[in-house]
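Trainee: Prediction below, plus the sequence it came from.
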Amino acid sequence: MDKKTIIRALERIALLLELQGENPFKVSAFRKAAQTLELDARSLSEMDDPTKLKGIGAATGAVITDLLTKGESSLVKELEEKVPQGLVEMLQIPGMGGKKIAKLNKELGIETLDDLRSACESNKVQALAGFGKKTEEKILKELDQLASRPDRYPIWKLEPIVEHIESLLQAHQAVTQASIAGSYRRTKETSKDLDFVIATDQVEEVKTLLKETLDIEEMIADGDTKMSVALAKPERVDIDFRFVKEAEFVTTLHHFTGSKDHNIRMRQLAKEKNWKISEYGVEKEDGSVTTYQSEEQFFADFGLPFLPPAVRENGQELDRLNELTSLIQLEDIVSDLHMHTTWSDGAHSLEEMIEGCIAKDYQLMVITDHSRYLRVANGLTPERLKEQHEKIKELQKKYPSIHLLSGTEMDILPDGSLDFEDELLAELDFVIASIHSSFSQPQDKIMERLYAAISNPHVDMIAHPTGRIVGERPGYEPDVEQLLQWAKEFDKIIELNANPYRLDLAVNWLERAQELGVKIAINTDAHHLDHLRFMDIGVRHAQKAWLKKDLIVNTWEPKKLLSHLSRD
DNA sequence: GCCGTTTTCGGCCCGACTGTTTTCAGTCG
């Protein structure tokens, strides 16, 4: 019996209880018990008695004991028999929660989505107390859209929408401050919807601007302090706008940035002081309400250092305050080790990329155009690579303020060989190896290719280690644990590719890399000058894994990095 | 269902909006 099975059982119970219309506090007690186990760093065998944990009581403890001794839970079994499977899907319908679903099931015998549709079509639903004509119409409409709507959107699809709306708001005279909030601000790799917090005294004007400018498919809610819309284009994504007074902006931003678990911990902290946090400020013991100029001030009022949005995830960040000083920050980054130019498939010349990196105050950069195998990307032949190497040497004289390194992003070929000879690799300052082809090979073949690269003494780094595209494709699915072990063994760098399409490695693997002490580079893989800004997203992604700056080689002074690279 | 160094009962984070109601329940974040 492993911990995951127990966690899933407790969550399943919570879900089934919810669908029975049970007391929400009872439901959340099972969810909390699941979370208690989840957040405990220990494995099941390392705990003396999981039923003694805070948040686990008689009922949840019995489930755990059941699973440990009998391998199954009688409560799960009982509920599975009692609650029709079809009800679970109904929770995906906006506006439908446990209470309503339970009522539909109890009063009308509805068990499936099809049952629900026909009950609505024959107007049986609007006859129920608490339901009405509008609810019935809405259910029918949502049922039609259910299959076609993705439940989460990847960060790279949302980014242009966020940029557009932020610039729209910032340009409007009635808006004093505006910011994205929610999971997007916390740099989750996917988000369910977008949340904006807007400080203004002229709510109607701002609402009008948004209504007229955005391509809105549906108004979901339209109140004095909140407007919710479903965007039609470029994605059918839901967006919430919260309107507040200037003074309340910071507490509202904090509130809607979340996460929910972070807010719960903050509210508990407030309660210990007899304070109360709401989006409108912090109510002190004497009833006065404090508002803040910045989130730094807000946290400082609780005696806390600033917690970057990216770490405000499960509440445990408040137990890791001593790690914040070593946490990677954008200002720590002094180099970018992976980028392309017009020599292969980049959009800008060597000089333009160099000037772009100088503008970022970098002390070191590596030009890493593709190798010859990647014909679609105009990959460099050995001759052109040598020519580029000479050119970079010349440019170094012209740009003394930054260390220019000559590198390559060399393909690991489908047969496991490398695209360049060792002799040529030995001449380069920095060698990246990566996979761009034959993703569907079996895992052992993929691992054979990766081993050939990582064990080669001239290879310095493996780029985008899994080849995934967030929300789009899983990549070539290597055995990442094994890859990290090899990286440790051969002392090679593993990339965190900061391009929002990739964010490769994912957070859980970055945590594992740090555990093993594997060196990491955060690189933009820029194919365009504008892509150099991805460093920010990459750093925030790294923060989600609590990566310490010492482990990240592009925080290192050029001297330290160069000595590491020339170690052999 | 779980918790308690003011509590073994009465809270549980808190507030906005909608739709159904004539004062509020349910849902959502």
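Mentor: Nice, I can see it.
Trainee: Residue of the stretch 401-550 of chain A closest to DNA strand B, please.
Mentor: A:G471 (18.0 Å; Cβ to the nearest atom of the strand). For glycine as for every other residue, the C-beta is placed from the backbone atoms N, C-alpha and C.
Trainee: number of nearby residues for that residue?
Mentor: A:G471 sits with 15 neighbouring residues when counted by other Cβ atoms under 10 Å.
Trainee: State the helix or strand in which A:T69 lies.
Mentor: In this structure, A:T69 sits in helix A:58-70 according to DSSP states H and E.
Trainee: tell me what that helix is packed against?
Mentor: Applying 3 or more Cβ pairs under 8 Å, 6 or more residues apart in numbering; DSSP states H and E, one finds that helix A:58-70 contacts helix A:3-19, helix A:24-39, helix A:74-82.
Trainee: need the strands for the stretch 151-300 of chain A, in chain order.
Mentor: For the stretch 151-300 of chain A, strands defined by DSSP state E, counting those that start in this stretch occupy the ranges A:153-154, A:175-180, A:190-191, A:193-200, A:216-222, A:226-231, A:238-244, A:276-278, A:281-283, A:289-290.
Trainee: Which of those has the highest mean neighbour count?
Mentor: strand A:193-200 (a mean of 23; mean count of other Cβ atoms under 10 Å).
Trainee: Specify the local secondary structure of the residue of the stretch 401-550 of chain A closest to DNA strand B.
Mentor: coil (DSSP: H, G, I helix; E, B strand; the rest coil).
Trainee: For DNA strand B, see how far away A:R149 is.
Mentor: Distance, A:R149 to DNA strand B, using Cβ to the nearest atom of the strand, to the nearest Å: 12 Å.
Trainee: residues in the stretch 101-250 of chain A within reach of DNA strand B, list them.
Mentor: When proximity is defined as Cβ under 7 Å from any atom of the strand, the stretch 101-250 of chain A approaches DNA strand B at A:101, A:126, A:129-136, A:138, A:182, A:192-193, A:195, A:221-226, A:238, A:240.
Trainee: how about 6 Å then?
Mentor: A:129-135, A:182, A:193, A:195, A:221-226 (Cβ under 6 Å from any atom of the strand).
Trainee: The helices and strands packed on helix A:58-70: which one's closest to DNA strand B?
Mentor: Nearest to DNA strand B, of those and by Cβ to the nearest atom of the strand, is helix A:24-39 at 3.5 Å.
Trainee: Show me what that closest one is in contact with.
Mentor: For helix A:24-39, the surrounding residues in contact (Cβ atoms under 8 Å, 6 or more residues apart in numbering) are A:3, A:6-8, A:10-11, A:13-14, A:17-18, A:50, A:53-57, A:59-60, A:63, A:98, A:261, A:314-316.
Trainee: again, 6 Å this time
Mentor: If you take Cβ atoms under 6 Å, 6 or more residues apart in numbering as the criterion, helix A:24-39 is touched by A:3, A:7, A:10-11, A:13-14, A:17-18, A:53, A:55-56, A:60, A:316.
Trainee: what inclination does it have with respect to helix A:74-82?
Mentor: Helix A:24-39 runs at 130 degrees relative to helix A:74-82, counting by axes from the mean of the first three to the mean of the last three Cα atoms, to 10 degrees.
Trainee: Report whether helix A:24-39 contacts DNA strand B.
Mentor: Yes - on the criterion Cβ under 6 Å from any atom of the strand, helix A:24-39 is in touch with DNA strand B at A:F25, A:K26, A:A29.
Trainee: Distance-wise, check the residue nearest the centre of chain A relative to DNA strand B.
Mentor: The structure's chain A has its C-alpha centroid closest to A:K188; by Cα atoms, centre = their mean the separation is 2.2 Å. Counting by Cβ to the nearest atom of the strand, the separation of A:K188 from DNA strand B is 12 Å.
Trainee: Can you flag the buried ones in the contacts of helix A:24-39?
Mentor: With neighbours counted by 16 or more other Cβ atoms under 10 Å, these contain buried members at A:K3, A:I7, A:L10, A:E11, A:I13, A:A14, A:L17, A:E18, A:L53, A:I56, A:T60.
Trainee: Cross-check these against DNA strand B and keep the overlap.
Mentor: With Cβ under 6 Å from any atom of the strand as the criterion, the buried ones among the contacts of helix A:24-39 include A:I56, A:T60 near DNA strand B.
Trainee: As JSON lines, the buried ones among the contacts of helix A:24-39 with pLDDT and distance to A:Y451 would be great.
Mentor: Formatted as JSON lines, those follow (pLDDT from 0 to 100; distance: Cβ to Cβ, whole Å):
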{"residue": "A:K3", "pLDDT": "86", "distance to A:Y451": "31"}
{"residue": "A:I7", "pLDDT": "91", "distance to A:Y451": "34"}
{"residue": "A:L10", "pLDDT": "93", "distance to A:Y451": "40"}
{"residue": "A:E11", "pLDDT": "91", "distance to A:Y451": "38"}
{"residue": "A:I13", "pLDDT": "93", "distance to A:Y451": "44"}
{"residue": "A:A14", "pLDDT": "91", "distance to A:Y451": "44"}
{"residue": "A:L17", "pLDDT": "91", "distance to A:Y451": "49"}
{"residue": "A:E18", "pLDDT": "89", "distance to A:Y451": "47"}
{"residue": "A:L53", "pLDDT": "87", "distance to A:Y451": "42"}
{"residue": "A:I56", "pLDDT": "91", "distance to A:Y451": "44"}
{"residue": "A:T60", "pLDDT": "91", "distance to A:Y451": "45"}
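Trainee: of the buried ones among the contacts of helix A:24-39, closest to A:H564?
Mentor: Nearest to A:H564 among the buried ones among the contacts of helix A:24-39 is A:K3, at 37.9 Å by Cβ to Cβ.
Trainee: what's the nearest residue to A:Q293 if we skip its chain neighbours?
Mentor: Nearest residue to A:Q293 in three dimensions, chain neighbours excluded: A:V250, at 6.8 Å (Cβ to Cβ, 6 or more residues apart in numbering).
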